[in-house]
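Visitor: Return a 3D structure for these sequence lines:
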Amino acid sequence: MARRSGQPWSEDEVGYLKTWAGKKTVSEIARTLDRTIGAVTVAANQIKVSLRVTGANDNKTAG
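Guide: Residues are numbered from 1 along each chain as shown. Purely as a prediction, here's the structure:
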C-alpha cells in the first residue's frame, strides 16, 4: 500500500482520528488510515486531541 504522503486529510480521516484517538494506538490509527505515525501525530496536535491511550490499569495503585 502506498502512503498518502503530502495528501490533505479528508473529513472522514479527521473524524476517524477524533473518534479513535486515545482508544487505539497511534500505529493502529496510522495503519488504518494508511498514514505514517508522524502524520497522525502532527494531525492530532493540529486538532488538539490526545493520542495517549487510556485503559483500566491507569488508575490502579501498586500493592
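Visitor: what about the helices in this protein?
Guide: In the chain, the segments counted as helices under DSSP state H are 11-20, 26-33, 37-46.
Visitor: so where's the protein shaky on pLDDT?
Guide: Scanning the chain for pLDDT under 70 picks out 1-5, 56-63.
Visitor: now do 80
Guide: Judged by pLDDT under 80, the chain has its weakly predicted residues at 1-5, 55-63.
Visitor: before we move on, back to that, would you reformat the helices of the chain as CSV and include distance to residue 54?
Guide: The way it works is simple: take the backbone N, C-alpha and C, and place the C-beta from them, glycine included. What follows is the helices of the chain, written out as CSV (distance: least, CB to CB, whole Å):
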stretch, distance to residue 54
helix 11-20, 12
helix 26-33, 14
helix 37-46, 15
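Visitor: Let me have these in a markdown table, extended by mean neighbour count.
Guide: Listed next are the helices of the chain as a markdown table, based on neighbours: other CB atoms under 10 Å:
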| stretch | mean neighbour count |
| --- | --- |
| helix 11-20 | 14 |
| helix 26-33 | 16 |
| helix 37-46 | 16 |
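Visitor: Tell me which of these sits nearest to residue 53.
Guide: helix 26-33 (8.5 Å; CB to CB).
Visitor: and that closest one with helix 37-46, angle?
Guide: 100 degrees (axes from the mean of the first three to the mean of the last three CA atoms, to 10 degrees).
Visitor: Need the residues that contact helix 26-33.
Guide: The contact list for helix 26-33 (CB atoms under 8 Å, 6 or more residues apart in numbering) reads 4, 13, 16-17, 20-21, 24, 35-37, 39-41, 51.
Visitor: ditto for stretch 37-51
Guide: Stretch 37-51 is contacted from outside by 4, 9, 13-14, 17-18, 21-22, 26-27, 29-30, 33, 35, using CB under 8 Å, 6+ apart.
Visitor: can you name the two of those residues that are farthest apart?
Guide: Maximum pairwise distance in these, criterion CB to CB, is 22.6 Å, between 4 and 22.
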